[in-house]
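1. Sequence isn't available, so here's the structure alone:
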């Protein structure tokens with residue numbers, strides 16, 4: 001009888017031990033599963049944020065370029081015709097440029113875009129030079145009746161040179177945006193791989 005009781009107790013202990021181990025294994029699997037879901041959601045959000053930034057950065061860069069082109073074409077038409085109606089694209093282009101520039105600056109501050117921030121400062125400098133040193137003086141000369149000065153070859157060449165510098169700065173900015181986005185994408189890919197291996 002005692003032998004039977006001992007065997008029964010030993011059997012119960014083995015069953016309890018197995019139940020405890022199975023419970024522990026189940027809890028560990030559940031924790032790993034939940035961590036895997038959390039890691040996947042994190043990786044998805046990081047990638048989605050990067051994809052959104054790619055679109056916004058390109059839109060803001062294109063917006064800056066288009067606004068400056070509108071200003072240049074409006075100013076050129078105004079100088080050649082002396083009709084103030086052509087100043088509308090110039091007057092609307094400056095606020096549009098500044099808005100796109102501010103949006104781009106805000107976007108660049110939310111990620112590792114050090115090179116792009118430097119490129120943006122060069123773009124701002126060249127755009128301001130064209131606007132302050134060429135466009136505004138040209139308008140003042142036209143409004144003062146100095147048509148010959150405003151339409152002179154020297155003046156036109158000066159404006160063309162300044163705008164070419166702006167275009168070159170914009171080209172360089174777009175290249176640095178692409179480079180910084182590639183570096184950022186590599187960082188995100190590394191995080192995703194680390195999460196994947198960690199989950200495995």
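-> That came in fine, so what should we check first? All of these numbers come straight from a predicted model, not from anything done at the bench.

2. Tell me which other helices or strands the helix or strand containing residue 101 touches.
-> If you go by DSSP states H and E, residue 101 is part of helix 87-108. Other helices and strands packing on helix 87-108, by 3 or more CB pairs under 8 Å, 6 or more residues apart in numbering; DSSP states H and E, are helix 2-81, helix 114-130. Placement of C-beta: from N, CA and C, glycine included.

3. Lowest mean pLDDT across those helices, which one is that?
-> In terms of mean pLDDT, the lowest-scoring of the helices and strands packed on helix 87-108 is helix 2-81 (a mean of 80).

4. Report the distance from that one to the chain centre.
-> For helix 2-81, the separation from the chain centroid amounts to 20 Å (computed by CA atoms, centre = their mean, to the nearest Å).

5. Pull the contacting residues for residue 169.
-> 119, 122-123, 125-127 (CB atoms under 8 Å, 6 or more residues apart in numbering).

6. For residue 60, state which of these is nearest.
-> Using CB to CB, residue 123 is the member of the contacts of residue 169 that sits closest to residue 60, with 11.2 Å.

7. rewinding a little: tell me the two of the contacts of residue 169 that are most distant?
-> Pairwise distances across these (CB to CB) peak at 12.5 Å, for the pair 119 and 127.

8. Isn't residue 170 up against residue 61?
-> Yes. Using CB atoms under 8 Å, residue 170 makes contact with residue 61 at a distance of 7.2 Å.
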